[in-house]
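J.: Sequence first, then the predicted structure:
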Amino acid sequence: MTDGDAGKDLQRRLLSEYYGSLSDEGRNGRKVAYMFVPGNVVELTRCFDMLPVYPEINALQCGIKKMAGDLILRAENLGYSSDVCGYVKNDIGLMLSDRKSPFGVLPKPDLLVCNYSGCNTFVKWFEALAHFYDAELFVLDIPYLREREAAKEDVDYIVAQLEELATVCARISGVPFDRGRLRRTLELSMEAERLWVEALKTAQSHPSPYDAYFEAVFYMAPLNILRGTEGCVEYYRLLLEELRARQKERRGPVPEEKFRVVFEGPPPWPHFRSFWELFKRWGVCGVASTYSKVGGLFDQGILHDPAQPLESIARYAMNCYTNWNLGLRLDLLRRYVKEYEADAVVIHSTKSCRSFSVGQADFREVLVKNDGIPTLMVESDLADPRYYSEAQLKNRIDAFFESLSHRRLLGG
């Protein structure tokens, strides 16, 4: 078995065990905490033996498995508008379908931890779930990051809320707060994050050993779901070994790497494979992406720290991509273009995700006119299959890379 096979096998086993733990038999009486991926506080809830459930991840899995369309229609029949986030409607549809996900029946929440980090839809989403499930809701208010460094008063504000959340978790779970356990969990998180950053940076090679958009969205799953566990650390150790082996052998995700691209925005999950193929045929490799940072900007030096447990959780929560102001996000795209020697930026604007799509048209304008960076902007949706037009997308993508090819021929 190669290292790559070992990594895939471990990821498969870890995720299978995770979803198995959510069954009635697997929970063994443990309480369930629903959370969002950006800025989640799973290290804290693990101290109380609470099982995490991530509605966003359930929604994208429904998209990939071609279930999202029907679930979204069920939510719209209940009265949800076509403009509401596709993830929200998918989740409401799951609730109306007795929580039957691609991985089995999901448990009801005992606690909803609304870690509001850059998306105001999160609050209304969990308010609705609190109503439908009659579950307790805790809103963890994360200040918007206005400057590159988090202000001390903002960190203190979040830490005070985390102390309050610990009290709530102890009451619901019946498990006392063990700060030593929190530090040990954070040690595992920090090591997995460090390995993930090293893996991300292998894309600076020519050719890149992996696609930092289309493959990274799967590589990042253990970090989002299983952070703070030994299995998560082992997975990223194996992943890094595999990527370094590919580097040495000069193997990449496309037969010939012709264009290196930075991707902005989430992918269209119901049409993931066909969307990827539209780029593969041009020899396009994603060398950096913002979506792979939605769970944390670890590559920008934002790691959990067992020496400052609650403070580092607070800083992490503020430093998720959609919680950065637009200027910081634009600068990150510019840095990625430079650091990964990218030829272009591709923006996938999604109809129902405002936390990503806001400002993207301005990004394109600035990148093209001020920075001279070729930038393509295409549109569909991250969950709703009705907003994906393959013919239209193909025309836009083909025209863009034809133009880039022509510029190269002319020495531009």
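T.: That came through, no problem.

J.: Please count neighbours and contacts with C-alpha atoms only from this point.
T.: Noted.

J.: helices or strands up against the worst-scoring helix or strand of the chain on mean pLDDT?
T.: Sorting the helices and strands of the chain by mean pLDDT, DSSP states H and E puts helix 354-357 at the bottom, at a mean of 81. Judged by 3 or more Cα pairs under 8 Å, 6 or more residues apart in numbering; DSSP states H and E, helix 354-357 is in contact with strand 344-350.

J.: Now do the strand it packs on: distance to the chain's middle.
T.: Remark: strand 344-350 is offset 16 Å from the chain centroid, using Cα atoms, centre = their mean, to the nearest Å.

J.: what's the answer for stretch 37-48, then?
T.: Remark: stretch 37-48 is offset 15 Å from the chain centroid, using Cα atoms, centre = their mean.

J.: just stretch 202-216 next, same as before
T.: 17 Å.

J.: returning to that earlier point: what does the least confident helix or strand of the chain contact?
T.: With Cα atoms under 8 Å, 6 or more residues apart in numbering as the test, helix 354-357 has contacts from 118-120, 265-266, 322, 349-351.

J.: May I have the helix or strand just after that helix as PDB, with CA atoms only?
T.: Using DSSP states H and E, the helix or strand that directly follows helix 354-357 along the chain is helix 360-369. The C-alpha trace of helix 360-369 is given here as PDB (Å, rounded to 0.1, in the frame of the first residue of the first chain):
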ATOM      1  CA  GLN A 360     -16.200  39.700  -5.600                       C
ATOM      2  CA  ALA A 361     -17.100  41.900  -8.600                       C
ATOM      3  CA  ASP A 362     -14.900  44.600  -7.000                       C
ATOM      4  CA  PHE A 363     -12.100  42.100  -6.500                       C
ATOM      5  CA  ARG A 364     -12.200  41.300 -10.200                       C
ATOM      6  CA  GLU A 365     -12.200  45.000 -11.200                       C
ATOM      7  CA  VAL A 366      -9.200  45.800  -9.000                       C
ATOM      8  CA  LEU A 367      -7.200  42.700  -9.800                       C
ATOM      9  CA  VAL A 368      -7.600  43.300 -13.600                       C
ATOM     10  CA  LYS A 369      -7.300  47.100 -13.800                       C
END
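
J.: for helix 360-369, packing partners?
T.: Packing contacts for helix 360-369, counted by 3+ Cα pairs under 8 Å, 6+ apart, involve strand 344-350, strand 375-380.

J.: how about that helix: buried residues?
T.: Neighbour counts over helix 360-369 (16 or more other Cα atoms under 10 Å) mark 360, 363-364, 367-368 as buried.

J.: relative to strand 375-380, how tilted is that helix?
T.: If you take axes from the mean of the first three to the mean of the last three Cα atoms, to 10 degrees, helix 360-369 sits at 160 degrees to strand 375-380.

J.: any idea how far helix 360-369 is from the chain center?
T.: Per Cα atoms, centre = their mean, the centroid offset for helix 360-369 relative to its chain is 23 Å.

J.: ok, now stretch 382-395?
T.: On Cα atoms, centre = their mean, the centre of stretch 382-395 falls 21 Å from the chain's centre.

J.: can you map out the helices along the stretch 101-250 of the chain?
T.: 121-133, 152-173, 179-201, 216-219, 221-225, 230-249 (DSSP state H, counting those that start in this stretch).

J.: Which among those is found nearest to residue 114?
T.: Smallest distance to residue 114 across the helices of the stretch 101-250 of the chain (Cα to Cα): 6.4 Å, for helix 121-133.

J.: Sort out which residues of that closest one are buried, please.
T.: 121-123, 125-127, 129-130.

J.: follow-up on the earlier one: any chance of a markdown table for the helices of the stretch 101-250 of the chain, columns mean pLDDT?
T.: Supplementary listing: these in a markdown table, determined by pLDDT from 0 to 100:
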| stretch | mean pLDDT |
| --- | --- |
| helix 121-133 | 92 |
| helix 152-173 | 98 |
| helix 179-201 | 98 |
| helix 216-219 | 95 |
| helix 221-225 | 93 |
| helix 230-249 | 97 |
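
J.: Output the ones you listed in TSV; the columns should cover distance to residue 385.
T.: Shown next, in TSV, are the helices of the stretch 101-250 of the chain (distance: least, Cα to Cα, whole Å):
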stretch	distance to residue 385
helix 121-133	20
helix 152-173	37
helix 179-201	30
helix 216-219	19
helix 221-225	22
helix 230-249	31
